[in-house]
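[1] Any chance you can model this:
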Amino acid sequence: MRSIYFVLVVVIVAAVNLLAQDVYLKIPADPPTKNPLEGNADAITAGMGAYRVRCADCHGMDARGIRGPDISQVWARGRTDAALFRTIRNGVPNTEMPAHPAPRTSDMDIWRILAYLKTISPTTGAAPGPGNATSGEHVFATTCIGCHRIGDRGGNLGPDLTRIGAARARAAMARQIRGTMGSVRTGYEPVTLTTPNGQQIQGVKKNEDQFSVQVMDTRERIQGYLREDMRSVSNEKKSAMPVFGPDKLSDADLDDLLAYLESLQGTSQAPSNAR
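    Numbering: from 1, shown residues only. I've put the predicted structure just below:
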């Protein structure tokens with residue numbers, strides 16, 4: 001009798017598993033175009049908790065960006081619920097944005113986070129700030145292009161700014177330029193290597209492990225070094241980006257530069273004044 005009961009249980013479990021697989025396979029590959037949980041109070045509360053645990057370290061408690069981009073304006077900039085769902089699910093290649101695959105992160109989890117984000121996101125874009133973008137393009141070409149790239153023009157010591165206007169709030173960019181933001185993006189942390197004879201190699205850290213470190217030096221050469229061959233490997237506390245106080249960049253020039261940076265939404269156009 002026990003053996004019959006055992007066989008029956010095994011058959012039932014197998015049938016349930018097959019049914020679950022069949023249901024899973026029939027789930028559409030594309031998410032709904034509209035968030036099914038938008039406006040749901042319970043989902044919004046759950047999404048707030050999930051956002052603060054999973055997302056706030058990079059995007060900030062107000063979603064205006066820290067290491068990750070400003071996502072407070074995503075709907076105002078034309079993104080759709082389905083596109084945002086896919087971004088969270090699949091991540092963004094070559095960035096710090098990871099994928100959140102099922103079953104660890106369910107569809108419901110993602111929709112809850114988006115339901116919460118919708119409650120703190122304006123429906124229309126922010127009004128343009130002060131400044132002249134054309135003049136700001138010239139400021140960028142004379143001040144920033146040695147380290148930063150737009151499209152196919154510029155340097156590589158600092159982050160690519162081709163779409164910075166879609167990724168960072170104006171206030172965050174101003175704090176970074178003025179040197180009042182302490183965070184440094186991964187892949188651009190400043191480092192100083194000291195050789196046994198006292199020579200210093202400065203640059204930004206691109207990769208490292210227990211035994212070696214890979215650095216892009218100030219001439220934009222990427223070199224790998226064994227830690228045991230160095231007298232010291234020092235991670236610098238301050239960003240490699242110079243501080244542009246009012247003595248180096250006037251408030252008017254800062255407004256112009258910010259107006260230009262806000263206009264960069266992903267086009268490949270480089271500053272026309274760049275050399």
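[2] use CA for all of it now, contacts and neighbours both
    Fine.
[3] Tell me, how many residues neighbour the residue lying closest to Asn90 once chain neighbours are set aside?
    What sits nearest to Asn90 in space, not counting adjacent residues and going by CA to CA, 6 or more residues apart in numbering, is Ala99, at 4.4 Å. Ala99: 15 surrounding residues under other CA atoms under 10 Å.
[4] Same check on Asp247?
    Neighbours of Asp247 using other CA under 10 Å come to 7.
[5] Other residues contacting the one helix or strand Tyr225 maps to?
    Element membership for Tyr225 (DSSP states H and E) is strand 222-226. Strand 222-226 is contacted from outside by 211-217, using CA atoms under 8 Å, 6 or more residues apart in numbering.
[6] most surrounded residue in the residues you listed?
    Val215 (27 neighbours).
[7] isn't there a helix covering that one?
    No: the assignment for Val215 (DSSP: H, G, I helix; E, B strand; the rest coil) gives strand, which keeps it out of a helix.
[8] my guess is the residue nearest to Asn90 meets Arg89, correct?
    Yes: between Ala99 and Arg89 there is a contact at 5.4 Å, judged by CA atoms under 8 Å.
[9] and the closest residue to Arg227 other than its chain neighbours, how far is that from Ala46?
    Of all residues not flanking Arg227 in the chain, Ser212 sits nearest, at 5.1 Å (CA to CA, 6+ apart). Counting by CA to CA, to the nearest Å, the gap from Ser212 to Ala46 is 43 Å.
[10] again with Ser239
    Taking CA to CA, one finds Ser239 at 36 Å from Ala46.
[11] So what's the predicted local confidence for the residue nearest the centre of the chain?
    In the chain, the centroid-proximal residue (CA atoms, centre = their mean) is Gly68; its distance is 3.1 Å. On pLDDT, Gly68 comes in at 79.
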